[in-house]
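K.L.:
The amino acid sequence is not available; the structure is as follows:
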């Protein structure tokens, strides 16, 4: 059990799958998820504890490993990543509810959503090399740095969500003697009339960061990275129709699901979430939400263990 007993209404009969989605669609992040009470050993190992470690205070979705030394297994989660997962938890809960009532079958839960139908704007990220061997190494490096581009985009005041599709795609019309791999990042912008956003700086900073990560000795000739902002109607120039015409998964849109999360006590996708402080606010000298949440969960777990 995930120390979530108090979250589940004991008189409501639900299957374990539906309980999972129910709990995490309502979870009050950044309250940490703990499998057990953190153990204390004087072994000079750094453990996850926002009361002590400044870096732990900015973690948005902490899920703590159960064995010593305790670490946050989701320390790389960003605002956008959390928003996407919250949407899927909410969607999963609604689908399992329909399954329990016999309206749909379990196949419904495993239908893949159509990523390309959800957004109107995208960034196409392309990594290219001259040989297949160089490309294998180059793709691994670029992919490991994409999260930094996501964080940079999230800092843009006009972007409310930057959603990376982890699937790799081959170009429709590859260049001669060139090996290329593409990724797509879906973008959601704030609703503002006549919004004109220039993402050139964010993209240039990211590409420079990738090249800095490669020393002059290991830099392969012909290895490059390109990124450009496109609109939904331009996707047909990059992807086959079989991908773009995939049936949409029926359910809530991102905006409606996040709205339901807000109504039910969750946090918004935007820049000012109601229940989860933005990165950096934990460093204030006043009482921190992460500290309070951590202490609260530890106390709950200890009370449950005392009863058992």
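P.N.:
Sure thing, it's come through. The model shown is predicted, which means the values in this text are computed figures rather than measured ones.
K.L.:
May I have the secondary structure class of the closest residue to residue 183 other than its chain neighbours?
P.N.:
Taking Cβ to Cβ, 6 or more residues apart in numbering as the measure, residue 183 lies nearest to residue 125, with 4.5 Å between them; neighbours along the chain are not counted. From N, CA and C alone the C-beta is placed, and that goes for glycine too. When states are read from DSSP: H, G, I helix; E, B strand; the rest coil, the local structure at residue 125 comes out as strand.
K.L.:
Angles on the backbone of the most centrally placed residue in the chain, please.
P.N.:
By Cα atoms, centre = their mean, the chain has its centre lying nearest to residue 81, at 1.5 Å. Note on residue 81: backbone dihedrals following degrees, to the nearest 10 are phi -60, psi -40.
K.L.:
Return the residues in contact with it.
P.N.:
The contact partners of residue 81, by Cβ atoms under 8 Å, 6 or more residues apart in numbering, come to 61, 150.
K.L.:
any idea how far residue 186 is from residue 168?
P.N.:
Between residue 168 and residue 186 the computed distance is 15 Å (Cβ to Cβ, to the nearest Å).
K.L.:
about what we covered before: mind checking how far the residue nearest to the centre of the chain is from residue 112?
P.N.:
18 Å.
K.L.:
Identify the bridge partners of the residue nearest to residue 183.
P.N.:
Counting by DSSP bridges, residue 125 forms beta bridges with residue 183, residue 227.
K.L.:
quick one on the thing from earlier: of residue 168 and residue 186, which one has the most company?
P.N.:
Set side by side, residue 168 and residue 186 show more neighbours around residue 186, with 22 against 12, by other Cβ atoms under 10 Å.
K.L.:
Which helix or strand contains the more buried one?
P.N.:
The secondary structure element spanning residue 186 is strand 179-189 (assigned by DSSP states H and E).
K.L.:
And stretch 155-175, what's buried?
P.N.:
156, 159-164, 169, 171 (16 or more other Cβ atoms under 10 Å).
K.L.:
I should have written stretch 128-146 there, sorry.
P.N.:
128-131, 134-135, 138-139, 141-143, 146.
K.L.:
quick check, nearest of those to residue 22?
P.N.:
For the buried residues of stretch 128-146, the minimum distance to residue 22 (Cβ to Cβ) is 31.6 Å, reached by residue 146.
K.L.:
would you say that closest one is within a helix?
P.N.:
Yes: the assignment for residue 146 (three-state DSSP) places it in a helix.
K.L.:
How about the contacts made by it?
P.N.:
Contacts for residue 146 were tallied using Cβ under 8 Å, 6+ apart; they are 125, 164, 183, 185.
K.L.:
One more: residue 172?
P.N.:
In this structure, residue 172 makes contact with 237-240, judged by Cβ under 8 Å, 6+ apart.
K.L.:
State the three-state secondary structure for it.
P.N.:
Secondary structure state of residue 172, per three-state DSSP, is coil.
K.L.:
how close does residue 59 sit to residue 37?
P.N.:
With distances defined as Cβ to Cβ, the gap from residue 59 to residue 37 amounts to 19 Å.
K.L.:
hmm, back to that, starting at the chain centroid, how far to the strand holding residue 186?
P.N.:
Taking the mean of its C-alpha atoms, strand 179-189 sits 15 Å from the chain's own mean (Cα atoms, centre = their mean, to the nearest Å).
K.L.:
And for stretch 229-248?
P.N.:
For stretch 229-248, the distance to the chain centre is 22 Å (Cα atoms, centre = their mean).
K.L.:
Just the buried residues of it, please?
P.N.:
In terms of neighbour count (16+ other Cβ under 10 Å), stretch 229-248 has its buried residues at 229, 235, 238-239.
K.L.:
Name the surrounding residues that touch it.
P.N.:
Residues external to stretch 229-248 that are found in contact with it (Cβ under 8 Å, 6+ apart): 112-114, 116-117, 119-124, 169, 171-172, 182, 184, 187, 199, 203.
K.L.:
6 Å instead, please
P.N.:
Residues outside stretch 229-248 that contact it (Cβ atoms under 6 Å, 6 or more residues apart in numbering) are 114, 116-117, 120, 122-124, 199.
K.L.:
Separate out the buried members of the residues you listed.
P.N.:
116-117, 122-124, 199.
K.L.:
Out of those, which two sit at the greatest distance?
P.N.:
Farthest pair in those (Cβ to Cβ) is 117 and 199. Separation: 21.8 Å.
K.L.:
Looking at the buried residues of stretch 229-248, spot the one nearest residue 48.
P.N.:
residue 229 (36.8 Å).
K.L.:
for the protein, where's the lowest mean pLDDT among helices and strands?
P.N.:
Of all helical and strand segments in the chain, the minimum by mean pLDDT, DSSP states H and E falls on helix 254-263, at a mean of 41.
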